[in-house]
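**Q** no sequence on this one, just coordinates:
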Ligand code: AMP
Ligand code: ZN
């Protein structure tokens, strides 16, 4: 069975999209932990940072640039970027995602 974020990427599950391009989909976290909380999700299914391979170097760098682009668009003076890795690391959804938590002035 396809994972939840694959379903969102494929528009089989609803989400509030804030950005998308050929490689990424960005949508609002359903349980926000900051005034602005979105998830940067690659279209490609990779379970977590622990599963990244050498071939994903460019993808992971681009993910950070997508986050930076959105944070700049929102004009946040500060923000947090977070990867949760594995159950012990607080990861619930096993499809790679970068949390962007934004704190407006
Ligand atoms: P993590 O703990 O890093 O795996 O984060 C998963 C995040 O996905 C959590 O912050 C959840 O609130 C969020 N989440 C779970 N289901 C959905 C959904 N259907 N739409 C948007 N965000 C979701
Ligand atoms: Zn997936």
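**A** Received, thanks. All of these numbers come straight from a predicted model, not from anything done at the bench. Ligands and ions are numbered 1, 2, ... in the order given.
**Q** Which helix runs longest in the protein?
**A** Secondary structure of the chain read by DSSP state H shows that its longest helix is helix 57-73.
**Q** Determine if any part of that helix is in contact with ligand 1.
**A** No - under the criterion of C-beta under 6 Å from any ligand atom, ligand 1 is not reached by helix 57-73; the shortest gap measures 13.6 Å. Yep, even glycine has a C-beta here, placed from its N, CA and C like the rest.
**Q** ok, residues contacting that helix?
**A** For helix 57-73, contacts defined as C-beta atoms under 8 Å, 6 or more residues apart in numbering pick out 18-19, 21, 23-24, 26, 38, 40, 42, 44, 46, 49, 52, 79, 81, 98, 100, 102.
**Q** repeat that for 6 Å
**A** By C-beta atoms under 6 Å, 6 or more residues apart in numbering, the surrounding residues in contact with helix 57-73 are 19, 24, 40, 42, 79, 81, 98, 100.
**Q** For the last one, name its beta-bridge partners.
**A** By that I understand residue 100. residue 38, residue 81 (DSSP bridges).
**Q** Okay then, goodbye and thanks.
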